[in-house]
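Visitor: predicted model and sequence below, questions to follow.
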Amino acid sequence: MAFILNFINGIAATTRMVNRIPDYGEASMYMLTMPTNMFASFLFGYTTIGLFLAKKKDLMRYTGLAGVFLAIAVGFPLAFDSMFLEGSDPSFSMFIMGPVVSLLVGFVLLSSKMWNKINTV
């Protein structure tokens, strides 16, 4: 789920960036977050496949935590900007879903009890 939502955040940031390209001030937030969301999405996908195929699953844990860190580092500021700073009224933004789900994945990866359940599969 984190893989899909961060990928969607990267695509949506690209769309918003292209729509605002004449005004680079507004498009700069999307220019900064698009590649990071895409890379976080790649790390989540790599982690998901690695949990099934890798022999060293601890490496997959670190890869997943790197994806969590990237998704949180750029996702929450992007969502805050989209929800509160862009329009005249505060509104809900789907940009918030990627970092929230990534945060939940981070809790699962950090929790040793949950990690032991994943690691024994």
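Guide: Alright, I've got the coordinates.
Visitor: quick one, phi psi at the most centrally placed residue in the chain?
Guide: Geometric centre of the chain, nearest residue: residue 71, 3.2 Å, by CA atoms, centre = their mean. In terms of degrees, to the nearest 10, the main-chain angles of residue 71 are phi -60, psi -40.
Visitor: for it, what are its contacts?
Guide: 2, 6, 37, 40, 44, 98, 99, 102 (CB atoms under 8 Å, 6 or more residues apart in numbering). Heads up, the C-betas are built off the backbone N, CA and C, glycines and all.
Visitor: between these, which sits nearest residue 13?
Guide: Closest approach between these and residue 13, by CB to CB: residue 37, at 6.3 Å.
Visitor: what strand or helix carries that closest one?
Guide: Assigned by DSSP states H and E, residue 37 belongs to helix 24-53.
Visitor: tell me the spacing between the residue lying farthest from the centre of the chain and residue 78.
Guide: Here the centre of the chain is the reference, and by CA atoms, centre = their mean the most remote residue is residue 22, at 26.8 Å. Using CB to CB, to the nearest Å, residue 22 is found at 21 Å from residue 78.
Visitor: one more: residue 101?
Guide: For residue 101, the distance to residue 78 - CB to CB - is 14 Å.
Visitor: who has more neighbours, those two?
Guide: Using other CB atoms under 10 Å as the criterion, residue 101 and residue 78 rank with residue 78 on top: 26 against 20.
Visitor: the more buried one is in contact with residue 13, isn't it?
Guide: Yes: counting by CB atoms under 8 Å, residue 78 sits close enough to residue 13 to count as a contact (7.0 Å).
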